[in-house]
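Enquirer: sequence plus the predicted model coming up.
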Amino acid sequence: MKPLSLLLLRVGLGLLIVIWAVVKIAAPEVSIGISDTYYGGLMSNATIQMVLGIAQALLGALVIVGLFSRIAYPVMAVVLGLGAFAVWPSIVDPLGLMFGQENVQILFFPSLIVFFGTLVMVAFRDDDTLSLDARRG
């Protein structure tokens, strides 16, 4: 059951990364708006979004198939951890009781769960026997 669970978690996390990559590539204005709102405009440039989108698509593909996991999984943890950190008020106060409802979004709370799922992938990487890494030996 563990290998199947890790496969499903790996595919789900990888697809999430690929979906965000597609948004960066196909609709850079959306990801620029996200950058403006949650990252202080740090990545508010269409070229930067394109480069990040391509890199993110590659990362998502590596995660989905379980290839180069000793590098890809920690990078995924950093990417998804930064995403969770950017919406920390929604994680700390998902109901807006401390920061006010206009400053939080309850739909961002699952970012914490996604990040923890990434940590599970890192911790149990060697048990992920249905990955390409395991097939390569």
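Expert: That came through, no problem.
Enquirer: tell me the first helix or strand C-terminal of the longest helix seen in the chain.
Expert: When the chain is parsed with DSSP state H, its longest helix is helix 2-26. Remark: after helix 2-26, the chain's next helix or strand is helix 28-38, criterion DSSP states H and E.
Enquirer: which stretches of this structure form helices?
Expert: According to DSSP H, the helices that the chain contains are 2-26, 28-38, 46-65, 69-86, 88-92, 110-123, 132-136.
Enquirer: mind listing what's buried along the longest helix of the chain?
Expert: Within helix 2-26, the residues scored as buried using 16 or more other C-beta atoms under 10 Å are 6-7, 9-10, 13-14, 16-18, 20-21, 23-25. From N, CA and C alone the C-beta is placed, and that goes for glycine too.
Enquirer: could you dump the helices of the chain into JSON lines and include distance to residue 101 and mean pLDDT?
Expert: Shown next, in JSON lines, are the helices of the chain (distance: least, C-beta to C-beta, whole Å; pLDDT from 0 to 100):
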{"stretch": "helix 2-26", "distance to residue 101": "25", "mean pLDDT": "97"}
{"stretch": "helix 28-38", "distance to residue 101": "16", "mean pLDDT": "89"}
{"stretch": "helix 46-65", "distance to residue 101": "29", "mean pLDDT": "96"}
{"stretch": "helix 69-86", "distance to residue 101": "19", "mean pLDDT": "96"}
{"stretch": "helix 88-92", "distance to residue 101": "11", "mean pLDDT": "94"}
{"stretch": "helix 110-123", "distance to residue 101": "18", "mean pLDDT": "97"}
{"stretch": "helix 132-136", "distance to residue 101": "44", "mean pLDDT": "95"}
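Enquirer: distance to residue 102 added to the ones you listed, as a markdown table?
Expert: Below are the helices of the chain laid out as a markdown table (distance: least, C-beta to C-beta, whole Å):
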| stretch | distance to residue 102 |
| --- | --- |
| helix 2-26 | 24 |
| helix 28-38 | 13 |
| helix 46-65 | 27 |
| helix 69-86 | 17 |
| helix 88-92 | 11 |
| helix 110-123 | 19 |
| helix 132-136 | 45 |
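Enquirer: so how far is residue 36 from residue 45?
Expert: Going from residue 45 to residue 36 by C-beta to C-beta, to the nearest Å gives 11 Å.
Enquirer: nothing else from me, thank you.
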